[in-house]
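Colleague: Structure, please.
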Amino acid sequence: MLSQIGENLDCGGGRFIGNAKTPALNAGAAKIEGVASLNAGFAAEGEVNFVAAQTNLGFQWSSVRSLEKVSLDLRLSKFGRLLNSQNSWPKQGHLRLDGFVYDQISDLAPPTAEAQLGWLQRQPQDRFVSQPFEQLATVLRNMGLEEDARRVMIAKNEENARYVGWPEWLWYGLFGHLIGYGYSPWRAFFISLAMIGIGWLLFWLGYRRGLITPTSESAYSTIPISTRQLLESYPKFNAFIYSLETFVPLVKLGMDDRWAPNANRGDLLPIMSFARSGALLRGYLWFHIIAGWVLTTLWVGGLTGLVKT
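Modeller: Numbers count the residues shown, from 1 in each chain. Down below sits the predicted model:
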């Protein structure tokens, strides 16, 4: 049977005691026209049950005592304004929020990602529940706190990473993390710029040491072989263009088709005596190309919104 309360539900200063079978306070499925106030020294030993309850104006949970003995269940409830003071949070594992919907967060709470993410961490950690994160992000966004909402969505995916297995971990634990799961695509973009810069330096050094050579024999004059030189008509090597072209997919400037690290050039490596430094540079080139495909796809997908989760 549903409870109907035409005005406020004021439990301020009250003390409620339950047991293993009976909640300390049972307002499950209650419909409250005003505010549900559990504040001003409110104390409970046992469960405070507001499952599927509704309040038109709000829910106040502040200045609560005996926090080590209380658990709060707000699953499937719907409130107006939420006041969940940090000094009154239940201990970890004693807060249930799955399906909890609210319109605003009181300034006294406060309505920040840092504070409210701490509130969400009070839930049981036996499984991942996405709805409380998404609800919080929606409310913060509606309150004009876009940056806080973005941080909540990143935190949602970071939390999810703790529960997924292979191969989902590749996204939640690695690739998605690089771009803030689509909410910070510039991370991958700046990493890409750094990679292009590193490639620029390594390819420049490799060319200076004779490790990068033309891919075609027609690049050289044919006679005499011992003194043949690069033809004037053959494109000159440019380390920056080479790094950019090999890193960014679909960028074709004609440099990587004409030049490549030569595995037969350079000194023998001290660790791998069967390989030369030219082979090591070629291995880096392969890594450079693969990293370019991955990072470029990530930041382009993030900027276009295709990979947001």
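
Colleague: Flag every buried residue along the helix ranked longest in the chain.
Modeller: Counting by DSSP state H, the longest helix found in the chain is helix 277-304. Residues of helix 277-304 classed as buried by neighbour count (16 or more other CB atoms under 10 Å): 277-282, 284-285, 288-289, 292, 295-302. Yep, even glycine has a C-beta here, placed from its N, CA and C like the rest.

Colleague: Could you list the low-confidence segments of the stretch 1-150 of the chain?
Modeller: Under the criterion pLDDT under 70, the flagged ranges of the stretch 1-150 of the chain are 1-2.

Colleague: all strands of it, in order?
Modeller: 4-5, 9-10, 15-17, 25-26, 31-32, 35-38, 43-49, 54-55, 58-61, 70-73, 78-84, 95-96, 101-105 (DSSP state E, counting those that start in this stretch).

Colleague: cool, and the stretch 201-309 of the chain?
Modeller: Under the criterion DSSP E, counting those that start in this stretch, the stretch 201-309 of the chain contains strands at 212-214, 259-261.

Colleague: From the chain's centroid, how far away is the first one?
Modeller: Averaging C-alpha coordinates over strand 212-214 and over its chain gives two centres that are 41 Å apart (CA atoms, centre = their mean, to the nearest Å).

Colleague: Out of the strands of the stretch 1-150 of the chain, the one nearest Glu245 is which?
Modeller: strand 101-105 (49.8 Å; CB to CB).

Colleague: strand partners of that closest one, parallel vs antiparallel please.
Modeller: Strand 101-105 has its sheet partners listed here by DSSP bridges as strand 78-84 (parallel).

Colleague: Please spell out which residues along the strand it pairs with are buried.
Modeller: 78-84.

Colleague: circling back: put together a markdown table for the strands of the stretch 201-309 of the chain, with distance to Tyr181, mean neighbour count and mean pLDDT on each row.
Modeller: Formatted as a markdown table, the strands of the stretch 201-309 of the chain follow (distance: least, CB to CB, whole Å; neighbours: other CB atoms under 10 Å; pLDDT from 0 to 100):
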| stretch | distance to Tyr181 | mean neighbour count | mean pLDDT |
| --- | --- | --- | --- |
| strand 212-214 | 38 | 20 | 89 |
| strand 259-261 | 36 | 22 | 91 |
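
Colleague: closest to Ala137 out of these?
Modeller: Closest among these, using CB to CB: strand 259-261, at 47.0 Å.

Colleague: From Leu74, how far out is Asn19?
Modeller: Applying CB to CB, to the nearest Å, the value for Asn19 to Leu74 is 21 Å.

Colleague: Just want to know which of the two has more residues nearby.
Modeller: Leu74 (26 against 10; other CB atoms under 10 Å).

Colleague: Report the separation between the more buried one and Ala20.
Modeller: 20 Å.

Colleague: Which segments of the protein make up each domain?
Modeller: Per automatic domain parsing, the domain ranges recorded for the chain read 4-163, 186-217+230-304.

Colleague: any chance of the ones you listed in a markdown table, plus distance to Gly173?
Modeller: A markdown table is the format used below for those (distance: least, CB to CB, whole Å):
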| stretch | distance to Gly173 |
| --- | --- |
| domain 4-163 | 5 |
| domain 186-217+230-304 | 14 |
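
Colleague: Of those, which stretch is the most buried?
Modeller: Ranked by mean neighbour count under mean count of other CB atoms under 10 Å, the domains of the chain are led by domain 4-163, which reaches a mean of 18.

Colleague: what distance separates the start and the end of that one?
Modeller: End-to-end distance for domain 4-163, by CA to CA, to the nearest Å: 40 Å.

Colleague: Could you export the strands of the stretch 1-150 of the chain to a markdown table, including columns for distance to Val248?
Modeller: Below are those laid out as a markdown table (distance: least, CB to CB, whole Å):
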| stretch | distance to Val248 |
| --- | --- |
| strand 4-5 | 63 |
| strand 9-10 | 61 |
| strand 15-17 | 64 |
| strand 25-26 | 61 |
| strand 31-32 | 58 |
| strand 35-38 | 57 |
| strand 43-49 | 57 |
| strand 54-55 | 54 |
| strand 58-61 | 52 |
| strand 70-73 | 52 |
| strand 78-84 | 47 |
| strand 95-96 | 47 |
| strand 101-105 | 43 |
